[in-house]
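J.: my questions concern the predicted model and sequence given below.
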Amino acid sequence: MTTPSTSSPAQSRTGGQILVQQLITHGVQQLFCVPGESYLAVLDALHDADIGVTVCRQEGGAAMMAEAQGKLTGQPGICFVTRGPGATNASAGVHIAHQDSTPMILFVGQVARGAMGREAFQELDYSAVFGTMAKWVVQIDDPARVPELISRAFHVATSGRPGPVVVALPEDMLTEAATVADALPYQVTETHPGAAQMAELAERLQAAQSPVAILGGSRWSEQAVREFTAFASDWSLPVYCSFRRQMLFAATHACYGGDLGLGVNPKLLARIRASDLVLVVGGRLSEVPSQGYELFDIPTPAQPFVHVHADADELGKLYRPTQAIHATPQAFAAALNAVRPAAPVPWKAHTEAAHADYLAWSDPAPIRIPGDLQMGQVMQHLKDVLPADTIFCNGAGNFATWIHRFWPFTTFASQLAPTSGSMGYGLPAGVGGKRLWPQREVVIFAGDGDFLMHGQEFATAVQYGLPIIVVLLDNAMYGTIRMHQEREYPGRVSATALKNPDFKAYAQAFGGHGERVERTEDFAPALARARASGLPSVLHCLIDPEAITPTGTLQGIRKAALAKQ
């Protein structure tokens, strides 16, 4: 019996050539890398391959770019790095892919097979290093097994709850020849709900008085979002999005009630707590969306709890569901067209009030912060001039609140933000997004501390002619940590102050466009010039250090903390 193959009859090839052909077979069109001598044979095979290669400046940035593409497409983002320090640098991106349930494959160079176990140059045990943050870690020691193991890597990365796979490649394996057929392209398995489960869900909804839906996780699609939106419309169901998953439901829809993030609207939390049926689709309700695991009782929520997830291991892991539905969001959403209300629902006014609360909470007009640059007006201007499908990216820090609270996400695949809270993510994610869809506008919000964690990837944007726009909010500190510092140790400032460069000059030095924005009236013309430049741009926005949140100041936080002592 011959092995099925989509390629010509098997011929002798090096491990590197076999590997690159598997990437092509599985539909890879782009990958990100920092080159290394440990996988020169792969780089040589890529020379003649129809795969776009983005050369990055640091492995963490490369891994985050790959993760960003996995997040936008649902297909594994691909990254290659060298052994030892290259691999450990990339671990930040692997951790993001793990916590964000993003399909990704990290290929790592490895020492020659004959030198293993001797602590050879840059040698690491990758199973030990990545075992707690990857779905699977494998080392390929035989070039004849490359098709088999790469096929498995793609299936593991995309199945159930998606996540990262790490593949170690001994350098001598990559130069050794083998005769082996290519694998068939991988296929993603959709787990579908049963008709009886959907009928039970309809009965639960019909019996409820104030149900809510919470959307999160991965394995969604544009079609699934449309189908769930139609379902929510039919039922007038209030819908909330999980932390940094706002692209799953349009903010402009009458059923939208806001997101379960950091600094969440207290009225939103009160409405969820008062609900009598909670439908969670796709998400895990981890620490941030569950508000420190206090929004719902663990293990048994007080309300009837319906949990839909693609991975059976997540059902009942933290929350004992009243009804568990083992299904992917795409398959579940497709089945919702059979779930129709048999009678008018009694909670329409509740849904309208929830949306009104969201609109009031997300209106930037009343927001006033200390200083000459009013970010509320900045956000209003962005809403006025940017396309609705603009891809917004951010890393971690208080600055991200301006996007999450005040930008109305209305388009699927328009948000790149780490639920893992990893700093430095926004810039490389923006590069990954723009590399994938050059026709889309990409705007990155970054803090001064956040930006310089992967600021060198601005050079990557310049190298590949990617006109991304970075809105860099500079308050000369690690602001989030300073905020917590004032709450816990008021007045005792330690290790949070920063002395920053001239970020306008920084952008220009790399060959990009730079602007310095000190006043509100400076922002609109600076943005217009950046968009017209056709270059990667940085808008260096000077923020008063007191403006630590849209509604709070450092002095106010300090006074409140001192009053409790």
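T.: Now that the structure is in, tell me what you want to look at.
J.: sec struct for the residue lying closest to F130 once chain neighbours are set aside, please.
T.: Excluding its sequence neighbours, the residue lying closest to F130 (C-beta to C-beta, 6 or more residues apart in numbering) is V166, at 4.5 Å. (Glycine included, C-beta is placed from N, CA and C.) At V166 the chain is in strand, as set by DSSP: H, G, I helix; E, B strand; the rest coil.
J.: per-residue pLDDT, V166?
T.: Among the per-residue scores, V166 holds a pLDDT of 98.
J.: for it, list each beta-bridge partner.
T.: L106, V137 (DSSP bridges).
J.: so it makes contact with L106?
T.: Yes. With contact defined as C-beta atoms under 8 Å, V166 and L106 form a contacting pair (4.9 Å).
J.: looking at these two, which one has more neighbours?
T.: Per other C-beta atoms under 10 Å, whichever of V166 and L106 has more neighbours is L106, with 32 against 27.
J.: ok, now which ones touch that one?
T.: 63, 66, 79-81, 87, 90, 93-94, 130, 134, 164-167 (C-beta atoms under 8 Å, 6 or more residues apart in numbering).
J.: the closest residue to I325 other than its chain neighbours: what's it in contact with?
T.: Distances taken as C-beta to C-beta, 6+ apart place V308 nearest to I325, at 4.4 Å, with adjacent residues excluded. When contacts are counted by C-beta under 8 Å, 6+ apart, V308 touches P193, L279, V280, V281, G282, I325, A327, P329, F332.
J.: from the residues you listed, which land in strands?
T.: Among the contacts of V308, the ones falling in strands (DSSP state E) are L279, V280, V281, I325.
J.: so what's the first one bridging to?
T.: Right, L279. A213, V306.
J.: tally of neighbours for it?
T.: 25.
J.: wouldn't it be in contact with I214 here?
T.: Yes. In this structure, L279 is within contact of I214 by C-beta under 8 Å, at 7.2 Å.
J.: how about the one helix or strand D384 maps to: buried residues?
T.: D384 belongs to helix 375-385 when assigned by DSSP states H and E. Across helix 375-385, burial judged by 16 or more other C-beta atoms under 10 Å covers M375, G376, Q377, V378, M379, Q380, L382.
J.: helix or strand right after that helix?
T.: strand 391-394.
J.: which helices and strands sit right next to the very next helix or strand once past that following strand?
T.: Next in sequence after strand 391-394, counting helices and strands by DSSP H and E, comes helix 401-406. Counting contacts by 3 or more C-beta pairs under 8 Å, 6 or more residues apart in numbering; DSSP states H and E, helix 401-406 is packed against helix 375-385.
J.: quick one: list the elements packing against the helix it packs on.
T.: Checking 3+ C-beta pairs under 8 Å, 6+ apart, helix 375-385 ends up next to helix 401-406, helix 520-533.
J.: out of those helices, flag the one nearest P428.
T.: helix 401-406 (16.9 Å; C-beta to C-beta).
J.: give the buried residues for stretch 67-81.
T.: Result for stretch 67-81 [16+ other C-beta under 10 Å]: buried residues 67-72, 74-81.
J.: and for stretch 388-402?
T.: For stretch 388-402, by 16+ other C-beta under 10 Å, it's 389-402.
J.: with just CA atoms, put it into CSV.
T.: Coordinates of each C-alpha in stretch 388-402 appear next as CSV, following Å, rounded to 0.1, in the frame of the first residue of the first chain:
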residue,chain,number,x,y,z
ALA,A,388,-14.3,50.6,10.6
ASP,A,389,-12.1,47.6,9.7
THR,A,390,-8.9,49.2,11.0
ILE,A,391,-6.8,46.6,12.8
PHE,A,392,-6.1,47.9,16.3
CYS,A,393,-3.1,46.4,18.1
ASN,A,394,-1.8,46.9,21.6
GLY,A,395,0.5,45.3,24.2
ALA,A,396,-0.1,45.7,27.9
GLY,A,397,-0.5,48.9,30.0
ASN,A,398,-3.0,51.4,31.1
PHE,A,399,-2.8,53.1,27.7
ALA,A,400,-4.7,50.1,26.2
THR,A,401,-7.9,51.3,28.1
TRP,A,402,-8.3,54.0,25.5
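J.: what about that stretch, average pLDDT?
T.: In the prediction, stretch 388-402 has an average pLDDT of 97.
J.: and stretch 93-104, by the same measure?
T.: The model assigns stretch 93-104 a mean pLDDT of 98.
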